[in-house]
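> any chance you can model this:
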Amino acid sequence: MLHPFDSITDEEIITTSKLLKELHGDAQLFFSQIDRLEPPKDDAIKYLEIERYGGGKLPYIPRRSYAYYYVNNKMPLYKAIVNVSEKHILSSKVTPEGTVGPLQPDGMASVELAVLDHPVVKAEIAKLQLDKVHYNHPKLGKLNYKVVCEPWMYGTDSPNDNCPLIQNYMYLALDHPDSNHYSIPLRFSPVFEYLTHKFVRMDYLPSGADEKFIRETLPLRKVHPIVEYHPDLLEDYTPRANLKPLQVVQPEGPSFEVNGSKITWQGWEFRVATNVREGFALYDVHFKGRSLFYRIALNEMTVPYGDGRPPFHRKQAFDLGDCGFGNCANSLALGCHCLGVIKYMDTRRADTRGNPVLLPSTVCMHEQDYGILYLHKNYRTDSSVVTRRREFVVQTIATVANYEYIVNLVFDQAGAITVQVRATGILSTMPNDDNNVTDFGTIVGPGVTAAFHQHLLSFRFDTRLDGDKNTVVYDDYLPMEEQLPYNQYNVGFRQKRTFVERSGSVDQSPFTNRTYKVINENSINPVTLKPVGYKFEMPAKQMILASPSSYNVRRAKYATKQLWVTKYQDEQLYAAGEFTNQSQTDTGLSKWADGTDTVRNSDTVVWATLALTHPPVTEQFPVMPSDFLQFLVTPASFFDRNPALDIPLADNKFNKSVYYDDARSTAPSCCQSKI
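Here you go, the predicted model:
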């Protein structure tokens, strides 16, 4: 029997699309997205309470799905809700005028083929005279050049764009499947309609320091050398020597248990469910029998580019709302993406015709060592206690065009969660005139530049610390007033606590060490005599840089603040709103966190913005070493003492480390020095 939080199944996708096709008769449906709809929280809480503590029969919660779709490849976009348990449609309605649905992987692939096959684009490519140029690769021989099309979400710069559009950036690559086309961006960019593949216009790209561009594509007289990354194409590739195997071995198996979607590990209990928009979400998170969070997920990311020259001014991706991290998820492999004993979970999505598509092994779960958890040496007795910090990782990786995003939720044995995102992949590039240096981009190769940009991710925490009523506070640390009787030497400092009373945001204040916390005013720590809590340790970061009047900010108001607080409402899941593709304004936190709702001692949701301003450097091209950003969600007097005191002390009988010299002496003779 399926749990209310379990991922959508093939049967549920088929049921959803079948019922909607029957509803519309002979019309052709183009499905933008199908997935499981969250159960009403009140119903789910009743279910969870009986599931955990007993007291009756589990309540029946019918499984529901939602679908976004177009009819006969034209606007408007429809949204339907289907009871898949009982196989009937609950509603099917037209979305507000101008709403554009998320993009589909197979929809984008068909656009790419249509662009390259269109007469206007073929004529533009013919002007390059590619038949007159080739490259003599020292290992692979003569290689021709080919044109590569990369479809991008269109962004927004006008309220008059009333159908789904695609901006297609064009590149040149060697005729090899792994050639780095980002190394040679071309200077023309066709715009097409997404649904009909109708040609709209040809944009030409600026390559100087201003907005001016050349409207005529010229023959390729000289091709800049392609900056490659794949070993098969690197002319001087020699594998780095002396790298020995480093293996994670768990001879007795893992310390975690998996029962369906439920995970238990070292006092932690939660459920993991994959979905096409967020990649995965965690539910009903407990540590040592105490409730912490109802739901945790990365819910949105916007990537605005800082190059204001048209058409680059429209380069603002909403990677979750426009595309979906589950839609773009990698199939993870042993020994590459995760090490040790691995448990995988799959994602299921629907294609544009409503057929289920399996994406295998998109979430991996495993344990890792991360140094010392705690240590103390009693200098009087020379006796030490030390434990190793074991962590449990839930990971997914999404490839959204050029970038890879590695999302990790990392649990430790002391009740903390590290939220970690690593960005890798390849920089999105644009053409550049020779020796054209700007202050809004970096030259990363001959004739190619990478624009400054930002990554602004929103993580949603539906809080449930020791119960359903929580409060958000922020603590500042300030000098005490001078010459007080208990501060005569003027060295004292104190904590000033501010309660968030109404929905809204909290400003950063690094110079007062401002710390955000969720507390439960109804649960008092017996030691501190103050409410129990968890804190969000977030380093001060720059928020979105675009002007408040820009579409970039109007579409992503969440990116203006590091922390937001709202009162829970069903279906308020995404910081920039439900529909982001070609949106004009956000319909999320700008509407929900407007000060209307009282949030103190209520069903509270915290939205944390993880931000990175990224001025590219040459070391990040042609492929980026992982650049990572993170924050910590950790107990703040939630327990009455260190909750990890039950961790066995570390010793080598358990961990089996060896001395360097011993390892060298037992290595195979071929690895030993001949000196």
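
> for L20, which three-state class applies?
Classification of L20 by DSSP: H, G, I helix; E, B strand; the rest coil places it in helix.

> got it, and K46?
Per three-state DSSP, K46 ends up helix.

> now it. Nearest residue, chain neighbours left out?
Nearest residue to K46, sequence neighbours excluded (C-beta to C-beta, 6 or more residues apart in numbering): P59, at 5.5 Å. Where you see a C-beta, it was placed from the backbone N, CA and C, and this is true even at glycine.

> against N83, how distant is that neighbour?
16 Å (C-beta to C-beta, to the nearest Å).

> buried ones in the strand ranked longest in the chain?
For the chain, the strand with the greatest residue count under DSSP state E is strand 356-378. By 16 or more other C-beta atoms under 10 Å, the buried positions in strand 356-378 come out as 356-357, 359, 361-367, 373.

> more neighbours: P59 and N83, which one.
N83 (17 against 13; other C-beta atoms under 10 Å).

> and this protein, what are its domains?
Following automatic domain parsing, one finds the domains of the chain at 10-94, 279-305+316-427+452-640.

> give me the sheet partners of the longest strand of the chain and which way each runs.
Using DSSP bridges, strand 356-378 pairs in its sheet with strand 343-350 (antiparallel), strand 383-400 (antiparallel).

> give the residue farthest from the middle of the chain.
In the chain, the residue that sits farthest from the middle, by C-alpha atoms, centre = their mean, is P485; the gap is 52.0 Å.

> just the pLDDT at it, thanks.
pLDDT for P485: 92.

> residues contacting it?
Going by C-beta atoms under 8 Å, 6 or more residues apart in numbering, P485 touches no other residue.

> repeat that for the one 10 residues further on.
Residues near Q495 by C-beta under 8 Å, 6+ apart: 475-477.

> go on, T156?
314, 316, 551, 555, 582-584.

> show me which of the residues you listed are buried.
Using 16+ other C-beta under 10 Å as the burial test, the contacts of T156 include 314, 316, 551, 555, 582-583 as buried.

> could you pull out the strands for the stretch 351-500 of the chain?
Assigned by DSSP state E, counting those that start in this stretch, the stretch 351-500 of the chain shows strands spanning 356-378, 383-400, 403-412, 417-425, 429-431, 441-445, 448-451, 453-463, 471-479, 493-499.

> again, but for the stretch 1-150 of the chain
So, for the stretch 1-150 of the chain - with DSSP E, counting those that start in this stretch - the strands run 29-37, 64-71, 74-83, 88-94, 135-137, 141-143, 145-153.

> what do you get for the stretch 501-650 of the chain?
504-506, 515-524, 531-537, 563-567, 604-614, 624-635.

> now those in JSON lines, with mean pLDDT, mean neighbour count and distance to L292?
Putting the strands of the stretch 501-650 of the chain into JSON lines (pLDDT from 0 to 100; neighbours: other C-beta atoms under 10 Å; distance: least, C-beta to C-beta, whole Å) gives the following:
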{"stretch": "strand 504-506", "mean pLDDT": "98", "mean neighbour count": "19", "distance to L292": "20"}
{"stretch": "strand 515-524", "mean pLDDT": "98", "mean neighbour count": "20", "distance to L292": "9"}
{"stretch": "strand 531-537", "mean pLDDT": "98", "mean neighbour count": "22", "distance to L292": "7"}
{"stretch": "strand 563-567", "mean pLDDT": "98", "mean neighbour count": "24", "distance to L292": "17"}
{"stretch": "strand 604-614", "mean pLDDT": "98", "mean neighbour count": "22", "distance to L292": "12"}
{"stretch": "strand 624-635", "mean pLDDT": "95", "mean neighbour count": "16", "distance to L292": "9"}
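
> got the ones you listed as a markdown table, with distance to F452 columns?
Converted to a markdown table, the strands of the stretch 501-650 of the chain look like this (distance: least, C-beta to C-beta, whole Å):
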| stretch | distance to F452 |
| --- | --- |
| strand 504-506 | 25 |
| strand 515-524 | 28 |
| strand 531-537 | 27 |
| strand 563-567 | 25 |
| strand 604-614 | 7 |
| strand 624-635 | 14 |
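
> let's have the strands of the stretch 351-500 of the chain in TSV, adding distance to T604 and mean pLDDT.
Shown next, in TSV, are these (distance: least, C-beta to C-beta, whole Å; pLDDT from 0 to 100):
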stretch	distance to T604	mean pLDDT
strand 356-378	27	96
strand 383-400	23	96
strand 403-412	20	97
strand 417-425	17	97
strand 429-431	43	96
strand 441-445	41	97
strand 448-451	38	97
strand 453-463	5	98
strand 471-479	6	98
strand 493-499	12	97
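
> that older thread, among the domains of the chain, which is nearest F213?
domain 279-305+316-427+452-640 (16.8 Å; C-beta to C-beta).

> one step back: for the residue nearest to K46, list the residues it contacts.
So P59 contacts 43, 46-47, 50 (C-beta under 8 Å, 6+ apart).

> go on, F280?
272-274, 297, 326, 345, 362-363, 394, 396.

> wait, S65 sits on R36?
Yes: contact criterion C-beta atoms under 8 Å: S65 and R36 qualify, at 5.8 Å.

> count the residues that sit near D439.
For D439, using other C-beta under 10 Å, the count is 9.

> again with L143
Neighbour count of L143, defined by other C-beta under 10 Å: 17.

> pretty sure it contacts H137?
Yes: when contacts are counted by C-beta under 8 Å, L143 is listed as touching H137 (5.3 Å).

> now the common contact residues for the two.
L174.

> now N242: which helix or strand?
In this assignment (DSSP states H and E), N242 forms part of neither any helix nor any strand.

> list the contacts of the residue lying closest to G208 once chain neighbours are set aside.
Closest residue to G208 apart from its sequence neighbours, by C-beta to C-beta, 6+ apart: D433 at 5.2 Å. Contact analysis of D433 by C-beta under 8 Å, 6+ apart lists 207-208, 447.

> filter the residues you listed down to the buried ones.
Members of the contacts of D433 classed as buried by 16+ other C-beta under 10 Å are 207, 447.

> arrange the contacts of D433 in CSV, one row each, with distance to L128 and pLDDT as further columns.
Formatted as CSV, the contacts of D433 follow (distance: C-beta to C-beta, whole Å; pLDDT from 0 to 100):
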residue, distance to L128, pLDDT
S207, 15, 91
G208, 20, 88
G447, 14, 93
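
> on that earlier part again, can you show me the CA trace of the longest strand of the chain as PDB?
Once non-C-alpha atoms are left out, strand 356-378 reads as follows in PDB (Å, rounded to 0.1, in the frame of the first residue of the first chain):
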ATOM      1  CA  PRO A 356       5.600   7.600 -17.800                       C
ATOM      2  CA  VAL A 357       9.400   7.900 -18.100                       C
ATOM      3  CA  LEU A 358      11.800   6.200 -15.700                       C
ATOM      4  CA  LEU A 359      14.900   8.100 -14.500                       C
ATOM      5  CA  PRO A 360      16.800   5.500 -12.600                       C
ATOM      6  CA  SER A 361      19.000   6.100  -9.500                       C
ATOM      7  CA  THR A 362      18.400   9.900  -9.300                       C
ATOM      8  CA  VAL A 363      18.800  10.100  -5.500                       C
ATOM      9  CA  CYS A 364      21.600   8.300  -3.600                       C
ATOM     10  CA  MET A 365      21.900   7.800   0.100                       C
ATOM     11  CA  HIS A 366      25.100   6.800   1.900                       C
ATOM     12  CA  GLU A 367      27.300   7.300   5.000                       C
ATOM     13  CA  GLN A 368      30.600   9.200   5.100                       C
ATOM     14  CA  ASP A 369      33.200  10.100   7.600                       C
ATOM     15  CA  TYR A 370      33.800  13.800   8.200                       C
ATOM     16  CA  GLY A 371      36.500  14.100  10.800                       C
ATOM     17  CA  ILE A 372      36.000  14.400  14.500                       C
ATOM     18  CA  LEU A 373      32.600  14.800  16.100                       C
ATOM     19  CA  TYR A 374      33.900  15.700  19.600                       C
ATOM     20  CA  LEU A 375      37.100  15.400  21.500                       C
ATOM     21  CA  HIS A 376      38.500  16.200  24.900                       C
ATOM     22  CA  LYS A 377      41.900  15.400  26.400                       C
ATOM     23  CA  ASN A 378      42.000  15.600  30.200                       C
END
